[in-house]
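J.: Return atomic coordinates for the entry below.
(chains A, B, C and D)
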Protein chains: 2
Amino acid sequence: MAVTGAYRGVSADDRRAQRRGLLIDTALDCLHADGLAGVSVRAVCARARLTPRYFYESFDDLDQLLLASVDSVVDEIAERSLAALAAAPDDLSAQVRAAIDAGYGVVATDARKASAVLVAAAGHGPLRERRHKLVTDYADLIIDGLPLLNGLGLAERRTARTMALFLMGGAAEVIEAVLSGRLRMSRANLVDHLTRMWVAVLSETERAGRA
Amino acid sequence: MAVTGAYRGVSADDRRAQRRGLLIDTALDCLHADGLAGVSVRAVCARARLTPRYFYESFDDLDQLLLASVDSVVDEIAERSLAALAAAPDDLSAQVRAAIDAGYGVVATDARKASAVLVAAAGHGPLRERRHKLVTDYADLIIDGLPLLNGLGLAERRTARTMALFLMGGAAEVIEAVLSGRLRMSRANLVDHLTRMWVAVLSETERAGRA
DNA sequence: CTAGTGTGATAACGACTGTTGTCAATGTTG
DNA sequence: CAACATTGACAACAGTCGTTATCACACTAG
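T.: Model (predicted):
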């Protein structure tokens, strides 16, 4: 039953990849529309105009699809944030601002992606574990990406990780409030506030670490 | 079919309240054990050794039960935090520390309550809206509870609210990491770090507001 | 003791779930 | 053309969901 031949001018591998991508994208639709409970094999397939057969062609399990969907969003955020941070001038405030603005840009222009990140926080089982890993990875990226925090010992590293978790959780909370409409604020203002608070925590932690 | 008479020496109202409380408590069990998906009418009733009839006696809907469960936890946290804050000496650091320690004490001694708060963050529909309201209420409590932030104008109040959201989101993230075992840290250390970062943000925001 | 109320177990309903299988239609290749 | 690969629609399985109803038993009130 292996799919190997070409079909409508598209190779078998390309068609598989195409369907897989469609399922991931459609999962984001379902997630945004009906929450985690709205993501079922049948629902996603129906919305993607595919049959369950093609779901099991690309994923063993619903969890695999959810993980792939969340990963696609998280990877995009990390990629853009880090690129912006690397391109920013050698100034703490400028670097933080660039990273936050770039990351916010991803979820601000696609509400589905914001839902994906938030829903991942509440999932259970594999989704929850994945989220743990992602948050920790982000924290390490923050630590490594900021020259201010380089050259830390092991004790300070745990402090730095705690700080990174705090910064991300706080930013996520504020961003969620803005995207949901509860907190009305321009993008520039949002980035300003977040940058200010991040820098406040970063500076204080660095000062406390030196002391 | 109205329940009015006494039974085993307990009045009808008391029995209803007892069953309602049992369902709320059992819902926390299910939530902690199997996540949001594990909370179903049948599952909760089975675990509580009640029949679905008594579920519909106290709740119209599963959402109502979830809301009641989350509310019970959130109310407890708010109550204890505010009491501790009010009892603390007139010092920013001491007040923040007291409030954080009291709030953490609630979830630290009962993992189910931590799950409830975290799961509420990712819910959909009514649960999500409720969480929005709760977070905003907390933010206002923080603002009103800290003399440092009193007497703010409307513009500063939005800044203060943004800050309060940031502080809560950050604290939640770190607390979740500690409770899940990803971040090993003593309670004293955790409270120290959170207090330090809260005070850093609070001081900086107050400084920026004055400028 | 009798009549009535409260309780708990169980069944039923249609709808949905994950998963697998079948079958006709459509496209490709010999 | 014939032979085959690929697609999409649909059925089937057992399980759970929310919700309501039924029935026997425990208890209380008169």
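
J.: where along chain A do the helices fall?
T.: Using DSSP state H, the helices of chain A run over residues A:12-34, A:41-48, A:52-58, A:62-87, A:92-108, A:111-122, A:126-145, A:154-179, A:187-210.

J.: What about A:Tyr56, how many residues nearby?
T.: 12 (other Cβ atoms under 10 Å in any protein chain shown). C-betas here are computed from N, CA, C, even on glycine.

J.: quick one: low-confidence ranges for chain A?
T.: Residue ranges of chain A with pLDDT under 70: A:1-4, A:151-154, A:211.

J.: if we compare the helices of chain A, which one ends up closest to B:Gly170?
T.: helix A:154-179 (3.4 Å; Cβ to Cβ).

J.: for that closest one, packing partners?
T.: helix A:92-108, helix A:111-122, helix A:126-145, helix A:187-210, helix B:126-145, helix B:154-179, helix B:187-210 (3 or more Cβ pairs under 8 Å, 6 or more residues apart in numbering or on different chains; DSSP states H and E).

J.: closest one to B:Thr26 among those?
T.: Judging the helices and strands packed on helix A:154-179 by Cβ to Cβ, what sits closest to B:Thr26 is helix B:126-145, at 17.4 Å.

J.: about what we covered before: I'd like to know which of the helices and strands packed on helix A:154-179 is closest to DNA strand C.
T.: With Cβ to the nearest atom of the strand as the measure, helix A:126-145 is the member of these nearest DNA strand C (13.0 Å).

J.: CA atoms only: put the closest one into CSV for me.
T.: Extracted in CSV, the C-alpha atoms of helix A:126-145 (Å, rounded to 0.1, in the frame of the first residue of the first chain):
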residue,chain,number,x,y,z
PRO,A,126,2.9,14.8,26.0
LEU,A,127,1.7,18.3,25.2
ARG,A,128,2.5,19.4,28.7
GLU,A,129,5.9,17.8,28.7
ARG,A,130,6.7,19.4,25.4
ARG,A,131,5.8,22.8,26.7
HIS,A,132,8.0,22.3,29.7
LYS,A,133,10.9,21.6,27.4
LEU,A,134,10.2,24.5,25.1
VAL,A,135,10.0,27.0,28.0
THR,A,136,13.3,25.7,29.4
ASP,A,137,14.9,25.9,26.0
TYR,A,138,13.6,29.5,25.6
ALA,A,139,15.0,30.4,28.9
ASP,A,140,18.4,29.1,27.9
LEU,A,141,18.3,30.9,24.7
ILE,A,142,17.6,34.1,26.5
ILE,A,143,20.5,33.5,28.9
ASP,A,144,22.9,32.6,26.1
GLY,A,145,21.7,35.4,23.8
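
J.: Does that helix reach chain B?
T.: Yes. With Cβ under 8 Å from any Cβ of the partner chain as the criterion, chain B is reached by helix A:126-145 at A:128, A:132, A:135-136.

J.: Report the closest residue of chain A relative to DNA strand D.
T.: A:Gly5 (3.3 Å).

J.: Return the distance of that residue relative to B:Thr26.
T.: Look at A:Gly5 and B:Thr26: by Cβ to Cβ, to the nearest Å, they are 56 Å apart.
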